[in-house]
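Enquirer: Build me a structure from this.
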Amino acid sequence: MNTSTPDILVVGGAGYIGSHVVKALRDAGRQPVVFDNLSTGLRENLFPDIPFIHGDLLIPEQVRDAMRGIRSVIHLAALKAAGDSMLEPERYALHNLNGTVNLLHAAGTAGVRHFVFSSSAAVYGEPQYLPLDENHPTEPANFYGQTKLQIEMLLSWFSRLRNMRYAGLRYFNAAGYDPDGEVRGLEKEPNNLLPLVLETLLGWRENLEVYGTDYDTEDGSCIRDYIHVSDLADAHLRALNFLEEHDEDLVLNLGTSKGISVLEILDAARKVSGMDLPVIHSDRRPGDPAVVLASAEKAERLLEWSPAFSDVETILKTMLAAYRSHHR
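Expert: Got it, this is the predicted structure:
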């Protein structure tokens, strides 16, 4: 449904994933408006033709004012460092839980009908079987994952009590950059493998630390499920379309079901870039499972969605283009 005024509030729309979601909405002829406090989001990720509200979820009046004319919300704003969440649970409770309660209060009061939520595979905790599907037990291993699970539970209640249908999208490892080159803002203080690989390739770091090469995998390194951020953005658009067309909630994994090991990523990075990648091998980190893989069959079936950019070469090429556009 294309309208003349913005009717989709993208909370966290200046962030890494959020900006790609805004682009997907715009390219589909939808009318988003970005709401972001720019604590981790970037002004360079904003589009000149998309309205922007500089606001904070912890200020209820700002959230309430942003709801004028809004029919749907896509919520991507959160603190997300799992390790930090174990050291600063109060801060994560405040921003992730209190902020979302303020958002839900404003959305429910405004009569918002559709709510797409950026959840996480962290809700599952230690894998009890592979690949992980949506029926896997939810036993988060860190407080960050617990906040995501609590929000999914809140949304389930708001669906029942406020007739607000929701999609909880459980991501695995987001990676890559916009293949069209429109979104290039680099994450602030990244702690995921692929951004660190790129920073090392370009000499911003002296070397890359690899934690553990003695896992029970073919090459001894951890295996993870990487999903290109543009594929994630497409899934958000499709999830919103689903909520608009069907009177039911969704809880879906978003992944590829294909694992890539750490050492395979390093080899691919050297090949794609033609550059050296100095590495230091260290001991395993506590709590790192050997293998984490998603089953995304449900998303493929219900949303008619399948990853188009999530091969390791495309992920690395799009990241390299984005990183090379920033000079230090």
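
Enquirer: Going by C-alpha atoms from here, please, whenever you check contacts or count neighbours.
Expert: Will do.

Enquirer: Correct me if wrong: L79 contacts H95.
Expert: Yes - contact criterion CA atoms under 8 Å: L79 and H95 qualify, at 6.9 Å.

Enquirer: Can you give the contact residues for the worst-scoring helix or strand of the chain on mean pLDDT?
Expert: Ranked by mean pLDDT, DSSP states H and E, the weakest helix or strand in the chain is helix 82-87, scoring a mean of 91. Outside helix 82-87, the residues within contact range by CA atoms under 8 Å, 6 or more residues apart in numbering are 91-92, 142-145.

Enquirer: residue ranges with poor pLDDT in the stretch 1-150 of the chain?
Expert: 1-4 (pLDDT under 70).

Enquirer: What ranges does it have for its helices?
Expert: For the stretch 1-150 of the chain, helices defined by DSSP state H, counting those that start in this stretch occupy the ranges 16-27, 60-66, 82-87, 89-92, 99-110, 143-162.

Enquirer: quick one: which of those helices is nearest L208?
Expert: L208 lies closest, by CA to CA, to one member of those: helix 82-87, at 18.9 Å.

Enquirer: measure A235 to N192 for me?
Expert: In this view, A235 and N192 are 22 Å apart by CA to CA, to the nearest Å.

Enquirer: quick one, which of the two is more surrounded?
Expert: More neighbours surround A235 than the other of A235 and N192, with 24 against 12 (other CA atoms under 10 Å).

Enquirer: Can you report how many residues lie near the nearest residue to A322 once chain neighbours are set aside?
Expert: Nearest non-adjacent residue to A322, counting by CA to CA, 6 or more residues apart in numbering: R184, 5.0 Å away. Neighbours of R184 under the rule other CA under 10 Å: 24.

Enquirer: Now do the same contact list for R184.
Expert: Applying CA under 8 Å, 6+ apart, we find R184 in contact with 44-45, 177-178, 322-323, 325.

Enquirer: For those residues, pick the one with the most neighbours.
Expert: Ranking the contacts of R184 using other CA under 10 Å puts Y177 first, with 29 neighbours.

Enquirer: Can you tell me the element that one falls in?
Expert: Using DSSP states H and E, Y177 maps to neither a helix nor a strand.

Enquirer: Just the pLDDT for it.
Expert: Here the pLDDT value assigned to Y177 is 98.

Enquirer: and stretch 250-264, how far apart are its ends?
Expert: End-to-end distance of stretch 250-264 (CA to CA): 33 Å.

Enquirer: ditto for stretch 213-228
Expert: Start-to-end span of stretch 213-228 (CA to CA) is 25 Å.

Enquirer: So which of the helices of the stretch 1-150 of the chain has the densest surroundings on average?
Expert: Mean neighbour counts were compared across the helices of the stretch 1-150 of the chain using mean count of other CA atoms under 10 Å; the top stretch is helix 16-27, at a mean of 24.

Enquirer: For it, enumerate the helices and strands it packs against.
Expert: Using 3 or more CA pairs under 8 Å, 6 or more residues apart in numbering; DSSP states H and E as the contact test, the elements touching helix 16-27 are strand 8-11, strand 32-36, helix 229-245.

Enquirer: Including distance to Y211, could the ones you listed go into CSV?
Expert: Compiled in CSV, the helices and strands packed on helix 16-27 are given as follows (distance: least, CA to CA, whole Å):
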stretch, distance to Y211
strand 8-11, 34
strand 32-36, 34
helix 229-245, 25
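
Enquirer: low pLDDT regions in the stretch 201-328 of the chain?
Expert: 327-328.

Enquirer: Which stretches in it count as helices?
Expert: Going by DSSP H, counting those that start in this stretch, the stretch 201-328 of the chain shows helices at 229-245, 262-273, 297-303, 312-324.

Enquirer: Looking at these, which one is packed in the most?
Expert: Per stretch, and counting mean count of other CA under 10 Å, the top mean among those goes to helix 229-245, which has a mean of 22.

Enquirer: distance between it and the chain's centre?
Expert: 13 Å (CA atoms, centre = their mean, to the nearest Å).

Enquirer: and what of stretch 220-230?
Expert: 13 Å.

Enquirer: How about stretch 150-168?
Expert: Stretch 150-168 sits 19 Å away from the centroid of its parent chain (CA atoms, centre = their mean).

Enquirer: Name the residues that touch that stretch?
Expert: By CA under 8 Å, 6+ apart, stretch 150-168 touches 97, 100, 108, 112-119, 239-240, 243, 247-252.

Enquirer: ok, of those residues, which come out buried?
Expert: Those of those that meet the buried threshold are 97, 100, 108, 112-119, 239-240, 243, 249-252, by 16 or more other CA atoms under 10 Å.

Enquirer: Go through the residues you listed and flag which are in strands.
Expert: Residues of the buried ones among the contacts of stretch 150-168 located in strands (DSSP state E): 114-119, 250-252.

Enquirer: could I get these as JSON lines with distance to G259?
Expert: Formatted as JSON lines, those follow (distance: CA to CA, whole Å):
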{"residue": "H114", "distance to G259": "32"}
{"residue": "F115", "distance to G259": "30"}
{"residue": "V116", "distance to G259": "26"}
{"residue": "F117", "distance to G259": "25"}
{"residue": "S118", "distance to G259": "22"}
{"residue": "S119", "distance to G259": "20"}
{"residue": "L250", "distance to G259": "25"}
{"residue": "V251", "distance to G259": "22"}
{"residue": "L252", "distance to G259": "18"}
